[in-house]
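**Student:** Curious how this folds, go ahead:
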Amino acid sequence: MQVAYYKNKKRKAKKRKWFVALFCIATIFTAICVYYFKVVCPIVIQLSQEKIRSVSTRIISQSVNDVIITQNITYDGIVNISYSNDNKIELIEVDTIKVNMLVRQITQEVQRHFDGISNEGVDIALGTFSGIPFLYGVGPKISVQLVPVGTINTKFASSFQSAGINQTIHRLYFQISASVGMVLPANTQNFVTEMEVALCESIIVGDIPSVYLQGSLI
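**Tutor:** Numbers count the residues shown, from 1 in each chain. Have a look, this model is predicted:
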């Protein structure tokens, strides 16, 4: 009877030890997760943000430049200005077919470059993941993967700006928005890059009808 009592007591003590051990492990794991998501992730994201935006900007600029060079785009090839008999501007017309074609080509080219962005990464020192400021940049580098997210949005726009007496700069440009994701353990952060890229521009001599100065060509 006494032997059974001691065995039962020993078994209960063993179960208690296992419970305490599991509780400690669960507490430590929870603390690590909270520290990672609340401290480490924001620091890594903040330090990587500039590099990611730099990669996105380079890709967009390169893509637009490649299309402009390939298609040999000029202002006169896109815009047609009609004058009246007394040499006043009557109509400023943009070739919408050619512009829409350029929008599609640029979108496809940017998307193509972004599809290969997974070959690039953001190098972060191991010490940065500790969340301790004086360890930032210390230790071996770990490459964090970049992935394209969502779609590329490209819009055509134009603007008029006074350049002196009876002269106006007409600027044509693209507004491009692209999203890039940074893949961290158990977390993905998205960064949206929005930028304007010049297509072409020209100085128009003569009075610009107010309908163009106050609105958009297309």
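**Student:** Distance of residue 116 relative to residue 55?
**Tutor:** To residue 55, residue 116 is 11 Å away according to C-beta to C-beta, to the nearest Å. C-betas here are computed from N, CA, C, even on glycine.
**Student:** The two: who's more crowded?
**Tutor:** residue 55 (20 against 10; other C-beta atoms under 10 Å).
**Student:** so where do the helices sit in this structure?
**Tutor:** Ranges of helices in the chain, per DSSP state H, are 2-35, 41-71, 75-78, 96-115, 210-213.
**Student:** Format those helices as CSV; extra columns: distance to residue 168 and mean pLDDT.
**Tutor:** CSV is the format used below for these (distance: least, C-beta to C-beta, whole Å; pLDDT from 0 to 100):
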stretch, distance to residue 168, mean pLDDT
helix 2-35, 58, 71
helix 41-71, 23, 82
helix 75-78, 13, 85
helix 96-115, 20, 86
helix 210-213, 8, 52
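**Student:** Minimum distance to residue 144: which of these has it?
**Tutor:** Taking C-beta to C-beta, helix 41-71 is the member of those nearest to residue 144, at 6.6 Å.
**Student:** of all the helices of the chain, which lies closest to residue 147?
**Tutor:** Closest among the helices of the chain, using C-beta to C-beta: helix 96-115, at 9.2 Å.
**Student:** So what angle separates the directions of the closest one and helix 41-71?
**Tutor:** Orientation check (axes from the mean of the first three to the mean of the last three C-alpha atoms, to 10 degrees): helix 96-115 against helix 41-71 gives 140 degrees.
**Student:** Report the buried residues of helix 96-115.
**Tutor:** 99, 102, 103, 105, 106, 107, 109, 110, 111, 113, 114 (16 or more other C-beta atoms under 10 Å).
**Student:** gap between stretch 89-103 and the chain center?
**Tutor:** Here stretch 89-103 is found 28 Å from its chain centre; the criterion is C-alpha atoms, centre = their mean, to the nearest Å.
**Student:** Quick one: end-to-end length of it, please.
**Tutor:** Its start and end residues considered, stretch 89-103 measures 27 Å (C-alpha to C-alpha, to the nearest Å).
**Student:** Ok, stretch 124-137 next?
**Tutor:** This stretch, stretch 124-137, spans 7 Å end to end (C-alpha to C-alpha).
**Student:** mind checking which of the helices of the chain is nearest residue 90?
**Tutor:** helix 210-213 (10.8 Å).
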